[in-house]
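**Student:** let me see the structure of the following:
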Amino acid sequence: MPTTRSFSSVTSEILSGLKEFGRVEHGIVYDPPEGTVFTATRPTRVGDCVVEFVHDSARNELKVTIVKKPPLLPERLFWDGLVALLERFREGHSEVLSRDDIINGYRFILGRHPASEEVITLHQKNHASIEEFRASLFKMRRVHSRHSPDLEPMKMGLWHQFLTNDQKIIHKTKHYFPIYERHFQSFVNKSLTFIEIGCGEGGSLQMWKRYFGPYARIVGVDIDPSCEAFEEDQIQIRIGPQQNPDFLQSLIDELGKPDIVLDDGSHIMSDVSSSFAFLYPHLSQNGVYMVEDLGTAYWEEYEGGLRTPGSFIEISKRLIDELNADYTNGRVPPTDFTRSTLSIHFYDGAIVFERGSHTPSLALRIGTAES
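**Tutor:** Numbering: from 1, shown residues only. Alright, predicted model coming up:
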């Protein structure tokens, strides 16, 4: 059943300020944009929250109804956030709110981030006024929110972005999304070069742009010249065959060392192997290389087959020994791959390589014999 609450002393000016804050800070969409009766849709990490507002300007009364709420979003969090926002814009009416309501509301707005928790604890200890408390919290948010994405309490995940995509079509296997998050998350909101081999219909390039943030350079590689139409801010397209070393060298010459390469190209074994052999040594020091849709490694029409020596699955199996060459008593000589690779991860239809180096491996015993 929809839940409704009414709030008094809400003037048209207060309502206008409330809407502007929601639009700017949380990407809330209002339908219609103007008027006294409207719905507000806010995307959250666990789904959209849809709320209906009815404002009686003659009585300065606001009626709010939760029309749709994700099951994982506690209803109290929503009401606490709304109460705190109304207090912010309603001058001279803070006495109608309990201090706990206000603090919980700000906690919802700012997220349970250590920085906001420190401000809350400090002001509770010093018995600061609500005005001082509010000013400190929002000053802290203005300073940190653009550089600390974890200040946002409801940041959308990659899977949610995929499910709610309304731009170009994205064609991805759904169980890859936890793999992406696991291996790509540390690059979010950092300067990086991301190469996706295979542009599809252009939607995944836009998805990566949204996911990695404003500092990312997304490069799509394809043999189809029509893919050039996918170029936009932060997205570049380069046309050429993924197995051609001259073309791949031209990418390195232009772009430098990529941080992530995602091979979603032809899925033909010789193409996949050629791209990996050339690009993997050119990754940045802590780069990630992922090959997906490796079911084709078992299909003859893609030059694959069960235990076929040239399939990328079999190549990757052999690389396990190369990764562990130091323990083979000389039977497998260490290579550049040995020295530059931290891990290989095998998944259903996908393999991820993580580059990196470490100091000599030592087995340590630490502690005291007596405790």
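
**Student:** just give the nearest non-adjacent residue to residue 6, would you?
**Tutor:** Once flanking residues are discounted, residue 6 sits nearest to residue 63: 5.0 Å by Cβ to Cβ, 6 or more residues apart in numbering. (Glycine included, C-beta is placed from N, CA and C.)

**Student:** tell me the SS of that neighbour?
**Tutor:** strand (DSSP: H, G, I helix; E, B strand; the rest coil).

**Student:** now for it, how many residues are close by?
**Tutor:** 15 (other Cβ atoms under 10 Å).

**Student:** contacting residues for it?
**Tutor:** Taking Cβ atoms under 8 Å, 6 or more residues apart in numbering, we find residue 63 in contact with 4, 5, 6, 7, 53, 54, 55, 56.

**Student:** show me where the stretch 1-150 of the chain has strands.
**Tutor:** Listed in chain order, the strands of the stretch 1-150 of the chain (DSSP state E, counting those that start in this stretch) span 3-7, 29-31, 37-44, 47-56, 61-68.

**Student:** dump those into a markdown table; add distance to residue 321 and mean pLDDT as well.
**Tutor:** Output for the strands of the stretch 1-150 of the chain, formatted as a markdown table (distance: least, Cβ to Cβ, whole Å; pLDDT from 0 to 100):
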| stretch | distance to residue 321 | mean pLDDT |
| --- | --- | --- |
| strand 3-7 | 61 | 89 |
| strand 29-31 | 54 | 92 |
| strand 37-44 | 46 | 89 |
| strand 47-56 | 46 | 91 |
| strand 61-68 | 54 | 93 |
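
**Student:** residue 178 is nearest to which of the ones you listed?
**Tutor:** Shortest separation from residue 178 across those is recorded for strand 47-56, at 17.9 Å, computed as Cβ to Cβ.

**Student:** so which other helices or strands are in contact with the closest one?
**Tutor:** helix 12-26, strand 37-44, strand 61-68 (3 or more Cβ pairs under 8 Å, 6 or more residues apart in numbering; DSSP states H and E).

**Student:** can I get the longest one as CSV, trimmed to CA atoms?
**Tutor:** Just to be clear, that refers to helix 12-26. Extracted C-alpha coordinates of helix 12-26, given in CSV (Å, rounded to 0.1, in the frame of the first residue of the first chain):
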residue,chain,number,x,y,z
SER,A,12,5.9,27.6,-2.9
GLU,A,13,9.4,28.9,-2.4
ILE,A,14,10.4,26.0,-0.1
LEU,A,15,9.0,23.6,-2.6
SER,A,16,10.9,25.2,-5.4
GLY,A,17,14.1,25.0,-3.4
LEU,A,18,13.4,21.3,-2.6
LYS,A,19,12.9,20.4,-6.2
GLU,A,20,16.1,22.3,-7.4
PHE,A,21,18.2,20.5,-4.7
GLY,A,22,16.8,17.1,-5.8
ARG,A,23,17.4,17.9,-9.5
VAL,A,24,21.0,19.1,-9.1
GLU,A,25,22.2,16.8,-6.3
HIS,A,26,20.4,13.5,-7.0
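
**Student:** and the angle from that helix to strand 37-44?
**Tutor:** 20 degrees (axes from the mean of the first three to the mean of the last three Cα atoms, to 10 degrees).

**Student:** so residue 280 touches residue 352, yeah?
**Tutor:** No. Proximity of residue 280 to residue 352 does not meet the contact threshold set by Cβ atoms under 8 Å, at 11.8 Å.

**Student:** what sits in contact with each of these two?
**Tutor:** With Cβ under 8 Å, 6+ apart, residue 280 and residue 352 have common neighbours residue 289.

**Student:** out of the contacts of residue 63, which comes closest to residue 74?
**Tutor:** Nearest to residue 74 among the contacts of residue 63, with distances taken as Cβ to Cβ, is residue 5, at 15.1 Å.

**Student:** look up the closest residue to that closest one, ignoring the ones flanking it.
**Tutor:** residue 64 (5.6 Å).

**Student:** looking at the helices and strands packed on strand 47-56, which is closest to residue 196?
**Tutor:** Here strand 37-44 is closest among the helices and strands packed on strand 47-56 (Cβ to Cβ), at 24.4 Å.

**Student:** quick one: closest of the helices and strands packed on strand 47-56 to residue 268.
**Tutor:** strand 37-44 (38.6 Å).

**Student:** neighbours of residue 158, just the number please.
**Tutor:** Residues lying near residue 158 (other Cβ under 10 Å) number 21.

**Student:** actually residue 317, not the one I wrote
**Tutor:** Quick note: residue 317 (other Cβ under 10 Å) scores 14 neighbours.

**Student:** any idea which element it lies in?
**Tutor:** helix 312-323 (DSSP states H and E).

**Student:** so which bits of that helix are buried?
**Tutor:** Counting neighbours by 16 or more other Cβ atoms under 10 Å, one finds that the buried residues in helix 312-323 are 312, 313, 314, 315, 316, 319, 322, 323.

**Student:** same question, stretch 341-353
**Tutor:** Buried residues in stretch 341-353, counted by 16+ other Cβ under 10 Å: 341, 344, 349, 350, 351, 352, 353.

**Student:** need the next SSE after the helix holding residue 317, C-terminal direction.
**Tutor:** Next along from helix 312-323, by DSSP H and E: helix 336-340.
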